[in-house]
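1. the following block contains a protein sequence and its predicted model.
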Amino acid sequence: MDIKLWTRWVALHAVPKVFMGIQARRGNPMGALIANHGRGNDPYPLMEEIRRRGPLLRTPFVWASADYAVCREVLRDRRFGVTPPTGVKMPRPLVRLLEWTDPLVANPVEPPAMVIVDPPDHTRYRQLVAQSFTPRAIEKLDTRVAEVTAELIESLSSTPQPDLIADFAARLPLVMIGEILGLPAQSHARLLEWGHHGSPLLDIGIPWRTYRRAVDGLRGIDSYLTDHFDHVRAGDTTVTPFSRMAAAHDLTDHELTANAALLIGAGFETTVNLIGNGIVLLQQHPDQLALLRDNPDLWPAAVEEILRIESPVQMTARTANCDVEIAGRRIRARDMVVVLLGGANRDPRVFAEPDRFDITRPNAREHLAFASGIHACLGAALARIEGATALRALFEAYPDLRLTETPRPRGLVSPVARPNLPLSM
Ligand code: HEM
């Protein structure tokens with residue numbers, strides 16, 4: 001057994017899981033939210049309970065908020081920074097332990113992936129990677145999304161009993177990220193497997209075997225990307241804005257692979273969830289589907305409402321860099337605030353009747369599903385195009401689409417995707 005890795009799992013997952021379990025038994029809704037996931041529990045009543053107790057809930061370990069105004073403020077307030085594993089308020093020996101056990105693989109949720117880095121490094125990474133998402137680049141991606149979607153719809157017709165996640169929802173984002181990074185099509189199957197194993201790392205309190213498999217997945221991605229960027233730097237590959245940036249040596253090898261892994265991690269799992277959740281919600285609400293049939297211009301609005309009501313990323317966190325007062329509560333330097341995006345998006349003070357799925361909701365686009373502030377999702381424009389194009393094409397090609405099994409949430413804290421959606425027509 002890899003003792004270093006096991007120790008890291010104990011510190012990052014086993015201890016928090018036990019601690020949150022104890023908190024849950026003591027009636028702490030934040031503890032229950034973390035401890036109960038994976039049992040198919042509905043997170044929203046717990047988020048509501050957290051909001052009912054006030055805009056900011058103090059728990060023994062962290063602050064938590066499901067209040068829209070507070071979540072938005074924390075995300076946009078520059079006195080807060082991101083929370084890497086070693087930045088969590090904990091005894092110094094535990095920090096050293098985490099540093100000693102770092103497997104040093106490209107990990108989308110650890111530095112130097114930009115989502116978990118503060119300025120000035122964050123600014124530098126973001127400006128470079130943003131070259132892949134300029135309005136001109138997005139226009140090209142839009143055309144490719146339409147082409148790839150048409151091919152996928154075509155191949156669904158020849159697949160007996162297709163699984164809508166594996167055969168459709170997962171394919172589109174995978175191809176798109178592969179093309180952004182300039183990866184050859186043959187690598188997609190491997191990326192899918194690694195990504196599938198790696199996605200539980202977005203979660204808290206995962207079992208040891210899941211953690212070990214996830215890190216193995218990251219190691220696979222890491223060594224594959226390192227080889228790939230070696231070829232890119234030797235001038236031996238497809239040219240994309242990302243590969244041009246790689247070839248220019250703007251980032252070190254580790255910065256490059258970590259931020260490429262972030263695009264795979266951030267752009268894949270989330271978009272699969274958006275499409276999967278969209279299929280389920282529209283199946284459950286034929287009246288809303290009828291509105292879309294009568295007026296296809298409503299598809300972008302429908303995507304906003306899907307993102308609001310079933311946010312693919314349910315939570316994130318920030319740490320105070322200094323003492324901060326918010327909503328009348330004093331948050332001390334190095335205190336962590338869990339920002340419940342899924343809860344903020346159902347705050348009745350902002351979204352009337354928040355549990356109602358209504359694609360004509362006038363302010364759905366104000367949701368925080370893509371977060372806000374300096375770390376706001378870099379791929380939001382692409383995700384919106386993928387969601388609207390894929391869902392529209394699917395429901396237009398299969399107006400009588402029926403799911404043959406009841407979809408189940410995946411049970412991760414962060415994403416709430418559904419694993420299999422077998423389809424029948
Ligand atoms: C429905 C799909 C998506 C959702 C819901 C989503 C959500 C988010 C959220 C909530 C964050 C902020 C996390 C935080 O601040 O802690 C984020 C950041 C990010 N997302 Fe997305 N995302 C989606 C799709 C994509 C796609 C398609 C890409 C790229 C291919 C992408 C790339 C990124 C990147 C690079 C960041 C980090 C930005 C930064 O730190 O400055 N995302 N996303």
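-> Right, received. Where do you want to start?

2. which positions within the longest helix anywhere in the chain qualify as buried?
-> Selection of the longest helix in the chain by residue count, based on DSSP state H, yields helix 253-284. Within helix 253-284, the residues that count as buried by 16 or more other CB atoms under 10 Å are 255-282. Heads up, the C-betas are built off the backbone N, CA and C, glycines and all.

3. state the distance from the residue in the chain that the ligand sits nearest to to A64.
-> Nearest to the ligand in the chain, going by CB to the nearest ligand atom, is G379, at a distance of 2.1 Å. Distance, G379 to A64, using CB to CB, to the nearest Å: 26 Å.

4. same check on F242?
-> Distance from F242 to A64, by CB to CB: 36 Å.

5. what do you get for R361?
-> Using CB to CB, R361 is found at 26 Å from A64.

6. more neighbours: these two, which one.
-> For R361 and A64, the more surrounded residue by other CB atoms under 10 Å is A64, and the numbers stand at 29 against 20.

7. show me the shaky parts of this protein.
-> Within the chain, the ranges that satisfy pLDDT under 70 run 1, 37-41, 236-237, 411-425.

8. one more time with 80
-> For the chain, applying pLDDT under 80 flags the ranges 1, 35-41, 85-95, 103-104, 106, 194-199, 202-204, 235-238, 408-425.

9. get me the contact residues on it for the ligand.
-> For the chain, the residues in contact with the ligand (CB under 6 Å from any ligand atom) are 114-115, 126, 177, 262-263, 266-267, 270-271, 274, 312-313, 316, 369-371, 375, 377-379, 382-383.

10. right, and the helix or strand after the longest helix of the chain?
-> Per DSSP states H and E, the first helix or strand lying C-terminal to helix 253-284 is helix 286-294.

11. all helices for the stretch 101-250 of the chain, in order.
-> 121-129, 135-157, 171-181, 188-198, 208-233, 241-247 (DSSP state H, counting those that start in this stretch).

12. list the helices and strands the second one packs on?
-> With contacts defined as 3 or more CB pairs under 8 Å, 6 or more residues apart in numbering; DSSP states H and E, helix 135-157 has these neighbours: helix 171-181, helix 380-397.

13. most tightly packed of those?
-> Highest mean neighbour count of these: helix 171-181, a mean of 23 (counted as mean count of other CB atoms under 10 Å).

14. can you give me the angle that one makes with helix 188-198?
-> 110 degrees (axes from the mean of the first three to the mean of the last three CA atoms, to 10 degrees).

15. relative to the whole chain's centre, how far out is helix 171-181?
-> Put simply, helix 171-181 sits 16 Å off its chain's centre (CA atoms, centre = their mean, to the nearest Å).

16. that helix to helix 208-233, inter-axis angle?
-> Using the same axes, to 10 degrees: helix 171-181 against helix 208-233 is 40 degrees.

17. ok, and what's touching helix 171-181?
-> Residues from elsewhere that reach helix 171-181, judged by CB atoms under 8 Å, 6 or more residues apart in numbering: 132, 141, 144-145, 148-149, 152, 184-185, 187-188, 191-192, 195, 225, 228, 240-243, 260, 263-264, 267-268, 271-272, 275, 382, 386, 390.

18. at 7 Å what do you get?
-> Under the contact criterion CB atoms under 7 Å, 6 or more residues apart in numbering, helix 171-181 has outside partners 132, 141, 144-145, 148-149, 152, 185, 187-188, 191-192, 240, 242, 260, 263-264, 267-268, 271-272, 382, 386, 390.

19. same thing with stretch 193-201?
-> Against stretch 193-201 from outside (CB under 7 Å, 6+ apart): 109, 206, 210, 213-214, 216-218, 220-221, 264-265, 268-269, 412.

20. show me what counts as buried in it.
-> Neighbour counts over stretch 193-201 (16+ other CB under 10 Å) mark W194, G195, H196, H197, G198, S199, P200, L201 as buried.

21. spatially nearest residue to the fifth one (excluding sequence neighbours)?
-> Pointing back at G198 there. G217 (3.9 Å; CB to CB, 6 or more residues apart in numbering).

22. run a quick neighbour tally on the nearest residue to L382 once chain neighbours are set aside.
-> Closest residue to L382 apart from its sequence neighbours, by CB to CB, 6+ apart: L141 at 5.6 Å. Counted by other CB under 10 Å, the residues lying close to L141 total 20.

23. ok, now G379?
-> 23.

24. what about T252, distance to R124?
-> For T252, the distance to R124 - CB to CB - is 11 Å.

25. and these two? which has more neighbours close in?
-> More crowded of T252 and R124, by other CB under 10 Å: R124, with 15 against 10.

26. quick revisit: got a list of what the residue nearest to G198 touches?
-> Per CB under 7 Å, 6+ apart, neighbours of G217: W194, H197, G198.

27. which parts of the stretch 301-425 of the chain are strands?
-> 316-320, 324-326, 329-331, 336-339, 402-403, 423-424 (DSSP state E, counting those that start in this stretch).

28. tell me, how many residues neighbour E366?
-> Other residues near E366 come to 15 when the count uses other CB under 10 Å.

29. wait, D250 touches L128, no?
-> Yes: between D250 and L128 there is a contact under CB atoms under 7 Å: 5.2 Å.

30. so for the two, which residue has more residues nearby?
-> L128 (20 against 16).

31. most packed of the strands of the stretch 301-425 of the chain?
-> Burial of the strands of the stretch 301-425 of the chain is given as mean neighbour count (mean count of other CB under 10 Å); strand 336-339 ranks first at a mean of 24.

32. circling back: now, among the buried residues of stretch 193-201, which is nearest to R332?
-> Each of the buried residues of stretch 193-201 was scored against R332 by CB to CB, and L201 proved nearest at 28.5 Å.

33. state the distance from that closest one to V109.
-> Per CB to CB, L201 is found 6 Å from V109.
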